[in-house]
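K.L.:
Quick one, what's the 3D model for this:
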Amino acid sequence: MDLKIERNVAEPVVRQLVNHLMDWIAAHGIRPGARMPSIRQLAGENGLSLSSVIKAYDHLVASGVLESRHGAGFFVARQTCALTEPESQADNPAWRLFDNASTQLKLGCGWLPDAWRDDADLGQAIRQVVRSDSQALFNYSTPLGSAPLRLHIQKRLGLIDIHVDPGQILTTQGASHGLDLLVRTLLKPGDLVLVESPGYYNLFNLLKLHGVRTLAVPRTAQGPDIAHLEQLLGRHKPAFFFINSMYQNPTGTSLAPSVAYRLLQLATVHDFRIVEDDIYADFQNGPTSRLASLDALDRVIYLASFSKTLSSSLRIGYVVARPEIINRLAEVKMVTGIGCSLLAENVVATLLANGAYRKLLQRLRQRLNKQMASTLRQLDPRYWEVFAEPMGGLFIWARPRCLDSQRVQQIARDLHIQLSQGSAFLPAGEACDWLRLNVAYTQDVRAQTFFQRIEQESIRVR
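P.N.:
The predicted model follows:
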């Protein structure tokens, strides 16, 4: 049983062993009652210490995955089926990305590694709020959200020339919640909207859930394809256009000024609104064109989040729009979920107030810039096609030139790497050999080996 334990990664060996054993039991369909390899055998086959195997087996026994029989060894427990991942989840690549127990390298995920986060400042802020604000521990937040947090958001928006009153800001449980509120409140089944292709897969699923029809606008290196958009507008009358303005997911591209201005002109002529999802705004390195700034929130609704930079667990985002829209959204927010966590809102406000968040962003931008440049150098144009060279952010949209997608996926599986399939980022879900690569993970030894293997096999094919 070769479990491919990695010694040069941050994941502890015992935890890797536990996860690999559970994966092995599930993948091979091992039936309850089957005997597991002895401690000595498993240690010898994988170059492990006896104590590591003992600890892993003890953990699996405590979890109910295995059972120990005195003098006979370890056996798969009778209740294994109730403890393993549901089959539907195991077959869903998007769900597997959120398996925190997995030891796979999530090269295609949409967030930062845990090691990049600042747990010290976050922990200090949590303790400060708990000690000084008992209301945050027990009470609901207000419909619009914490007043101190909205004041800080107002100041931050001013730095990117989006000037609003606090009453135009609504806090949400992350950007996804903001999108859901917008779709629930402003659209109805059968409505037609524009989306980018490739674009955010969860938005596509959300619109489908609510019965909203979509039209795909191809994304270029400069933003949405304006010529294609004009053709669509000549035949259809959409209600909204959902767009990433900066460091778009998954291409990493940003809006060019000329495209931004033309898009706003078309919105006025053809009478549709724009939802500007700026979730990667805080990774910004230089000037860019934001629709909410150019439009002064006339036809644009703006949303962003702290989840990508600060913590995915805090789930704090916000929507910015005209007051009448914000009031409608707040009513739906209260009906469907009462409100956001006041504790989480006040923790974020504390980090904004004491400067810890600003310092975190400086470190993240520098680190991402370095890894973006390094990864782009590594993707040899003879063997990789890169959609565009992003100026910052998390993502590179690329594909191997010489290998088919099945072979690429197999190489990734062999290296214990999880990729994000390109088809997920297309509204119709058609076959696609493009990959979303998260540069925050590309310096891991498994990613480096993956790129080397792609190049080596490409040379042989050519």
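K.L.:
just the strands in the stretch 301-450 of the chain please.
P.N.:
Secondary structure of the stretch 301-450 of the chain (DSSP state E, counting those that start in this stretch): strands at 317-320, 384-386, 395-400, 417-418, 435-438.
K.L.:
Let me have those strands in JSON lines, extended by distance to S254, mean pLDDT and mean neighbour count.
P.N.:
In short, each C-beta sits where N, CA and C put it, glycine included. Listed next are the strands of the stretch 301-450 of the chain as JSON lines, based on distance: least, C-beta to C-beta, whole Å; pLDDT from 0 to 100; neighbours: other C-beta atoms under 10 Å:
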{"stretch": "strand 317-320", "distance to S254": "19", "mean pLDDT": "98", "mean neighbour count": "25"}
{"stretch": "strand 384-386", "distance to S254": "15", "mean pLDDT": "97", "mean neighbour count": "17"}
{"stretch": "strand 395-400", "distance to S254": "12", "mean pLDDT": "97", "mean neighbour count": "22"}
{"stretch": "strand 417-418", "distance to S254": "27", "mean pLDDT": "94", "mean neighbour count": "19"}
{"stretch": "strand 435-438", "distance to S254": "16", "mean pLDDT": "97", "mean neighbour count": "25"}
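K.L.:
check contacts around the residue nearest the centre of the chain.
P.N.:
With distances taken as C-alpha atoms, centre = their mean, G110 lies nearest the centre of the chain, 2.8 Å away. Counting by C-beta atoms under 8 Å, 6 or more residues apart in numbering, G110 touches L97, N249, K308, L394, F395, S420, R436, N438.
K.L.:
Next, the contact list for the last one, please.
P.N.:
N438 makes contact with K106, L107, G108, C109, G110, W111, L394, F395, according to C-beta under 8 Å, 6+ apart.
K.L.:
what's the answer for the fifth one, then?
P.N.:
F395 makes contacts with G110, Y247, Q248, N249, P250, T251, G252, R436, L437, N438, V439, as judged by C-beta under 8 Å, 6+ apart.
K.L.:
Could you find the closest non-adjacent residue to the fourth one?
P.N.:
Leaving aside its chain neighbours, N249 sits nearest to Y200 (5.3 Å; criterion: C-beta to C-beta, 6 or more residues apart in numbering).
K.L.:
for the one you found, what are its contacts?
P.N.:
Neighbouring residues of Y200 by C-beta under 8 Å, 6+ apart: F242, N244, N249, D277, F425.
K.L.:
got JSON lines for the contacts of G110, with distance to D225 too?
P.N.:
Shown next, in JSON lines, are the contacts of G110 (distance: C-beta to C-beta, whole Å):
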{"residue": "L97", "distance to D225": "29"}
{"residue": "N249", "distance to D225": "17"}
{"residue": "K308", "distance to D225": "26"}
{"residue": "L394", "distance to D225": "23"}
{"residue": "F395", "distance to D225": "19"}
{"residue": "S420", "distance to D225": "23"}
{"residue": "R436", "distance to D225": "20"}
{"residue": "N438", "distance to D225": "25"}
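K.L.:
and of those, the nearest to L314?
P.N.:
Distance to L314, by C-beta to C-beta, is smallest for K308 among those, at 11.3 Å.
K.L.:
burial count for I338?
P.N.:
Neighbour count of I338, defined by other C-beta atoms under 10 Å: 10.
K.L.:
can you tell me how far it sits from R40?
P.N.:
Separation of I338 from R40 (C-beta to C-beta, to the nearest Å) stands at 56 Å.
K.L.:
In the chain, where's the longest strand?
P.N.:
The longest strand of the chain (DSSP state E) is strand 213-220.
K.L.:
need the contact list for S197.
P.N.:
By C-beta under 8 Å, 6+ apart, the residues touching S197 are A216, V217, P218, R219, F425, L426, P427.
K.L.:
Just flag the most distant two among the residues you listed.
P.N.:
Among the contacts of S197, the pair separated by the greatest distance (C-beta to C-beta) is V217 and F425, at 13.6 Å.
K.L.:
per the record, what domains does the protein have?
P.N.:
Using automatic domain parsing, the domain parsing of the chain gives 13-84, 119-354, 359-461.
K.L.:
Would you format these as TSV with distance to E6 included?
P.N.:
Shown next, in TSV, are the domains of the chain (distance: least, C-beta to C-beta, whole Å):
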stretch	distance to E6
domain 13-84	7
domain 119-354	23
domain 359-461	7
